[in-house]
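Chemist: let's see this in three dimensions:
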Amino acid sequence: MSKTKKFRTKPVLALLAVSLLAGCAQRVMTGSIPDDYRTNHPIVISEKEQVADIPVGHADSKLSLTQRSIVQNTIANYRANGSGVIHILLPTGSPNERAATRLRKDVAATLRRGGVKPFNISSEPYPAGGSESPPIRLVYSAITASTHPCGQWPKDLLETADNRHYANFGCASQTNLAAQIANPADLLGPRATSPIDAERRGVVIDDYRNAETPKPVTTQEVNYDFN
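Modeler: Reported below is the predicted structural model:
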């Protein structure tokens, strides 16, 4: 009788061993899932220096439409995410140095008309470095969404035994997404809802209640006789 019991326990032990091996195999497969590119290349919200270049010709005496649009776009970005002082950097030691000096007043006046306080506007020179036509630069600090620099290739792309994507995978997509975000604060949480316009809501509800019943659409049968 005891021999029969001993003989029947062997298949049970074998079944348990197979189950344990299957569990190990499942864990190995779970570890082979590629990493998430959003984890490897996260979008970070931080305050960074923003630079806008205004091209300057040798004979410029006032801002052109293109130059003025660059200043106005800078104002919009500054009011949305920027803070502190906007620095007007003027090139020195270049052929267009005098033209840049003439444009400084027009640039500052455009900034003031755009809502930038006068005490938040500063003019400073910077060396042109031998360039023939260096630009006027508008520099300010703003909350920015960005990722770390792309182009990391620590391993050979053919080394795929661990079934993971390469280190630079998804970096360009994350960088482009960060550059397209108008308000980086949206990544931190949803915006607060605006107050309800009760008067407008009443008008919409009344229009819905008093709307006429739509008329049925009539269709006309078309017979194509090619004989």
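Chemist: please make it C-alpha for all contacts and neighbour counts, starting now.
Modeler: Fine.
Chemist: skipping adjacent residues, who's closest to residue 53 in space?
Modeler: Nearest residue to residue 53, sequence neighbours excluded (Cα to Cα, 6 or more residues apart in numbering): residue 137, at 4.6 Å.
Chemist: what about that neighbour, which SS state?
Modeler: Secondary structure assignment for residue 137 (DSSP: H, G, I helix; E, B strand; the rest coil): strand.
Chemist: that one reaches residue 50, doesn't it?
Modeler: No - taking Cα atoms under 8 Å as the definition, residue 137 is not a contact partner of residue 50, at 9.9 Å.
Chemist: which of the two has more residues huddled nearby?
Modeler: Neighbours were counted for residue 137 and for residue 50 using other Cα atoms under 10 Å; residue 137 has more, 22 against 18.
Chemist: where does the chain have low pLDDT?
Modeler: Within the chain, the stretches with pLDDT under 70 are 1-34, 227.
Chemist: now the residue minimising distance to the centre of the chain: how far from residue 205?
Modeler: Nearest residue to the geometric centre of the chain (Cα atoms, centre = their mean): residue 178, 2.1 Å. As judged by Cα to Cα, to the nearest Å, residue 178 and residue 205 stand 40 Å apart.
Chemist: same thing with residue 114?
Modeler: 40 Å.
Chemist: pick out whichever of these two has more residues nearby.
Modeler: residue 114 (16 against 11).
Chemist: SS state for the spatially closest residue to that one that is not a sequence neighbour?
Modeler: Among residues not flanking residue 114 along the chain, residue 75 sits closest, at 6.4 Å (Cα to Cα, 6+ apart). Reduced to three states with three-state DSSP, the structure at residue 75 is helix.
Chemist: so which bits of the helix or strand hosting residue 105 are buried?
Modeler: Assigned by DSSP states H and E, residue 105 belongs to helix 97-113. For helix 97-113, a neighbour-count test (16 or more other Cα atoms under 10 Å) marks 97-104, 107-108, 110-112 as buried.
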